[in-house]
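A.B. asks: Fold the following.
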Amino acid sequence: MRLLIAFLLWCLLLVWCAPLALLALIVFPMAWLLLLPFRLAAAAVEAALALIKAILFLPARLLGHR
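C.D. replies: Predicted coordinates for the structure are as follows:
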């Protein structure tokens, strides 16, 4: 559904301003590729924090607290 809405908005932009729509068609994939390392780093940090949380709460879980 989100993809369909994005496509319809792009078609509307293409009708109103074709050069801007074509520029957006070129720039968005490049921006996605540039931001990909930051997304991977965020996933790694989130996983590390989840591991630390699991280690810290392990004694409480072993004792039966929820």
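A.B. asks: Taking the centroid of this protein, which residue is nearest it?
C.D. replies: The centroid of the chain falls nearest to R39 when counting by CA atoms, centre = their mean (6.4 Å).
A.B. asks: where's that residue relative to A31, distance?
C.D. replies: 12 Å (CB to CB, to the nearest Å). Yep, even glycine has a C-beta here, placed from its N, CA and C like the rest.
A.B. asks: Below-threshold pLDDT in the protein: ranges please.
C.D. replies: The model of the chain has pLDDT under 70 over residues 66.
A.B. asks: how about the helices in it?
C.D. replies: 2-16, 18-62 (DSSP state H).
A.B. asks: neighbours around A54, how many?
C.D. replies: By the measure other CB atoms under 10 Å, the count of residues near A54 is 10.
A.B. asks: How about P19?
C.D. replies: By other CB under 10 Å, the residues close to P19 number 8.
A.B. asks: Please tell me how far it sits from P37.
C.D. replies: P19 sits 30 Å away from P37, going by CB to CB.
A.B. asks: now F7
C.D. replies: 27 Å.
A.B. asks: same deal with L51?
C.D. replies: Taking CB to CB, one finds L51 at 21 Å from P37.
A.B. asks: for L22, same thing?
C.D. replies: Separation of L22 from P37 (CB to CB) stands at 27 Å.
A.B. asks: Quick check on these two: which one has the bigger neighbour count.
C.D. replies: More crowded of L22 and P37, by other CB under 10 Å: L22, with 12 against 9.
A.B. asks: Leaving out the residues flanking it, which one is nearest to the more buried one?
C.D. replies: Leaving aside its chain neighbours, L22 sits nearest to L14 (7.8 Å; criterion: CB to CB, 6 or more residues apart in numbering).
A.B. asks: Was I right to think that neighbour contacts A21?
C.D. replies: Yes. Using CB atoms under 8 Å, L14 is in contact with A21, at 4.0 Å.
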